[in-house]
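pasting the sequence and the predicted coordinates here, then a few questions.
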Amino acid sequence: MRNKITLAVFVTFLAASIGLPLSFAGSLLDLLPKEEEVYAKLPKNPAGDPELPEDEWDALDEKLAEHPNNCVKCHYEEEKYSQMTMDWSMTKHGQNKVDCSKCHGGNPISKTLKQAKGDGTKFRKLDDRFKKPKGALESFNDLAFDYCGQCHGTIYRDWKTGIHGKMTGGWNTEKEYRLCTYCHNPHNPKFPQLKPMPPPWKPTAISTKLKQTTKTHH
Amino acid sequence: MEKDNKDEKKISSKRVDRRSFLKVTAGCGAAAMASPKAAEAFSFKELMQSHFKEMDKDELKDTLKYYEDKYSKKYGKQFTVKATEPMEGTLFGYGLDLSRCIGCRRCVYACVRENNQSRDPQIHFITVMQFEKGAATGMNLEHATKYYDPEKVPEKGHFTMPIQCQQCKHPPCCKVCPVQATWKEPDNIVVIDYNWCIGCRYCMAACPYGARKFNLADPEIPKEEVNPETHYLGNRPRYRGVVEKCTFCIQRTREGKYPACLEICPVGSRKFGNLLDPESEIRKCIDQKRVFRLKEDMNTVPQFFYFFATHFPEYDE
């Protein structure tokens, strides 16, 4: 299983650079991309390790040496990642050992940056997730259903039949569905609270308006 | 015997016969056309037109054209008024996942815009009720509120339940209508002919869900917000003094689209589909989840199914 995950992480990094369109027809199960199809369309060259000069590797290694989760140790300080590491640490994921490596690969308890980073998986900016054309498969985040479903089996099952998740389009025409990360922030997956729209007018307010309208008409 | 005859004569002399009735109505119609304010409400043609079900093809075509012109002129937009017929082999059903609904009321306002409801006085087809979890009253609608207004939803210790027309299989509203202005279409939608409605509001009294709303004053729709894609039995602008209600967005669903409330729902708690298609989402919900229908004991047999797909312990308290 672990090998499979690592492979998925690796492969999907490659997929980040190319857009793979999905076709809409038939039931939702048919809509999902077939694993072989996805792999067949990927470029063949491997991604390789992140490139850094030798002395910088050593400096970073020293920094990592103190914290049990080495990713948090460094990335929390970076402005770009501080919010997501904080969000993650507050979630059930963060408190139940679903750590960085489970999605990003690598090994957070290793002493060297090379091992910690694993194969250097990159991720698409999640702010773009609502702007993206619906149903387009672009990166690892879109393949997440396969991955989130390993733990959230009942929700995965519901989503495959169309019970979980938002759908638009038509009941009888093309259906547009959302993949996990379109609605759920992976570092803070619980759906956020929203401000409700205003409540309906109370009957007293409506009758005041009515008096005014009656006056103008008669 | 003689006395009886005399009485009958007396009554018949007072009775209005058809000819004099038509004369009077024609006079009224002419008077209505003369006054610009009243002419906006109805014209002679509108007064004399047939019941929707009795119209032949030509009359229907003329009528639709008439309303297209009328609304286009009034709102300054090109209107289309359709009378799309029900698709064969469809029975619409609606599902609502109460464990997902957060009570944000996005559906209420999407419906207002799609279906050209009056903004002032305010008419909402969807009422979102908020219940307290674990209350002694249980799920009693009399102990729920529709005026809740917290900073953020979902609120802890509460759950919400949107209620709209349930498109019952045995609709009590249609039974009580004295003029047959409302009836059930073969695809499960209960519709109203707004021109035939006399505004007696019997249907509102008969409906156990409070789904029907009455136009107490001239409906007011901002010109820039009006939806020009309309259906004759659905979202075309209404008159003062007629009843209106949710039609599962008849103008959208009969063309294969989803209703507006479903499309806006940010949490995807709303499900819609054809009950006769075993692959549709609504059938999957009924097959796999424990669904219930509101006020089942009334024997109205709603085509609107509520269910709980998941459980969120963090909101229980």
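Ah, there it is.

near chain A, which residues of the stretch 201-317 of chain B are found?
For the stretch 201-317 of chain B, the residues in contact with chain A (Cβ under 8 Å from any Cβ of the partner chain) are B:216-218, B:253, B:255-258, B:262-263, B:265-268, B:271-274, B:279-281, B:284-285, B:288-289, B:309-310. (Glycine included, C-beta is placed from N, CA and C.)

how about the residue of the stretch 1-150 of chain B found nearest chain A, nearest residue that isn't a chain neighbour?
Minimum separation of the stretch 1-150 of chain B from chain A (Cβ to the nearest Cβ) falls at B:Arg105, amounting to 3.9 Å. With Cβ to Cβ, 6 or more residues apart in numbering or on different chains as the criterion, B:Arg105 has its nearest non-adjacent residue at 3.9 Å, and that residue is A:Met197.

element containing the one you found?
In this structure, A:Met197 is located outside every helix and strand according to DSSP states H and E.

and what of B:Gly103?
Using DSSP H and E, B:Gly103 sits within no helix or strand.

pretty sure it contacts B:Pro154?
Yes: the criterion here is Cβ atoms under 8 Å, and B:Gly103 meets it with B:Pro154 at 6.4 Å.

overlap of the contact sets of these two?
Taking Cβ atoms under 8 Å, 6 or more residues apart in numbering or on different chains as the criterion, B:Gly103 and B:Pro154 both touch B:Thr160.

for the residue of the stretch 1-150 of chain B closest to chain A, what are its contacts?
So B:Arg105 contacts A:Pro196, A:Met197, A:Pro198, A:Pro199, B:Val128 (Cβ under 8 Å, 6+ apart).

okay, now the fourth one: neighbour count?
As a burial measure, A:Pro199 scores 16 neighbours (other Cβ atoms under 10 Å in any protein chain shown).

also the last one?
The tally of other residues near B:Val128 (other Cβ under 10 Å) stands at 27.

confirm it sits in a strand?
Yes: B:Val128: assigned to a strand according to DSSP: H, G, I helix; E, B strand; the rest coil.

which ones among the residues of the stretch 201-317 of chain B next to chain A lie within strands?
Secondary structure defined by DSSP state E assigns B:Lys271, B:Phe272, B:Gly273, B:Asn274 of these to strands.

most surrounded residue in those?
Highest neighbour count within those: B:Lys271, with 28 neighbours (other Cβ under 10 Å).

shouldn't that residue be in contact with B:Asp97?
Yes: when contacts are counted by Cβ under 8 Å, B:Lys271 is listed as touching B:Asp97 (7.1 Å).

which residues do the two both contact?
A:Ile163, B:Cys285.

farthest pair in the ones in strands among the residues of the stretch 201-317 of chain B next to chain A?
B:Lys271 and B:Asn274 (11.7 Å; Cβ to Cβ).

any common contacting residues for the two?
With Cβ under 8 Å, 6+ apart, B:Lys271 and B:Asn274 have common neighbours B:Ile282.

circling back to that earlier point, now the buried members of the residues of the stretch 201-317 of chain B next to chain A.
Buried members of these, counted by 16 or more other Cβ atoms under 10 Å in any protein chain shown: B:216-218, B:253, B:255, B:257-258, B:262-263, B:265, B:267-268, B:271-274, B:280-281, B:284-285, B:289, B:309.

hmm, who's touching the helix or strand that contains B:Lys70?
Assessed by DSSP H and E, B:Lys70 sits inside helix B:57-75. With contact meaning Cβ under 8 Å, 6+ apart, helix B:57-75 is reached by B:40, B:45, B:49-50, B:52, B:55, B:77-83, B:221, B:223, B:226, B:228, B:230, B:232, B:236-237.

partner strands of whichever helix or strand comes after it, with direction?
The C-terminal neighbour of helix B:57-75 among helices and strands, as given by DSSP H and E, is strand B:80-82. Applying DSSP bridges, strand B:80-82 is found paired with strand B:229-231 (parallel).

pull out the buried positions in the strand it pairs with.
Along strand B:229-231, these residues count as buried under the neighbour rule (16+ other Cβ under 10 Å): B:Thr230, B:His231.

try stretch B:194-205
Applying 16+ other Cβ under 10 Å to stretch B:194-205 flags B:Tyr194, B:Asn195, B:Trp196, B:Cys197, B:Tyr202, B:Cys203, B:Met204 as buried.

the first one touches B:Pro237, doesn't it?
Read that as B:Tyr194. No: B:Tyr194 is beyond contact range of B:Pro237, at 9.0 Å (criterion: Cβ under 8 Å).

show me the shaky parts of the chain.
In the absence of a named chain, chain A is used. Within chain A, the stretches with pLDDT under 70 are A:1-54, A:56-68, A:105, A:118-144, A:146, A:206-218.

chain B is the one I meant
The model of chain B has pLDDT under 70 over residues B:1-42, B:311-317.

and the helices in it?
B:2-14, B:18-34, B:36-41, B:44-48, B:57-75, B:106-114, B:172-176, B:202-206, B:250-253, B:260-264, B:281-288 (DSSP state H).

just the helices from chain A, written as ranges.
With DSSP H as the criterion, chain A has helices at A:2-15, A:28-31, A:35-40, A:54-64, A:70-75, A:79-90, A:92-95, A:100-104, A:113-117, A:144-148, A:153-161, A:180-183, A:203-217.

re earlier: would you turn the ones in strands among the residues of the stretch 201-317 of chain B next to chain A into a markdown table with distance to A:Gly94?
Formatted as a markdown table, those follow (distance: Cβ to Cβ, whole Å):
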| residue | distance to A:Gly94 |
| --- | --- |
| B:Lys271 | 32 |
| B:Phe272 | 37 |
| B:Gly273 | 38 |
| B:Asn274 | 43 |
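
tell me, how many residues neighbour the spatially closest residue to B:Tyr148 that is not a sequence neighbour?
Excluding the flanking residues, the one nearest B:Tyr148 by Cβ to Cβ, 6+ apart is B:Gln130, at 4.3 Å. B:Gln130 has 21 neighbouring residues, counting by other Cβ under 10 Å.

would you confirm that B:Gln130 contacts B:Thr145?
Yes: here B:Gln130 reaches B:Thr145: they are 5.4 Å apart, a contact under Cβ under 8 Å.

what residues does chain A put near chain B?
A:27, A:154-155, A:158, A:161-173, A:178, A:183, A:191, A:193-202, A:206, A:209-210, A:213-214, A:217.

center of chain B - which residue?
B:Lys245 (1.6 Å; Cα atoms, centre = their mean).

got a list of what that one touches?
Shown in contact with B:Lys245 (Cβ under 8 Å, 6+ apart): B:Phe125, B:Cys165, B:Val190, B:Ile192, B:Ala211, B:Arg212, B:Lys213.

same thing but 7 Å
B:Phe125, B:Cys165, B:Ile192, B:Ala211, B:Arg212, B:Lys213 (Cβ atoms under 7 Å, 6 or more residues apart in numbering or on different chains).

for ChimeraX, write the selection for the buried entries among these.
Those of those that count as buried under 16+ other Cβ under 10 Å are selected in ChimeraX with:
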select /B:125,165,192,211,212,213
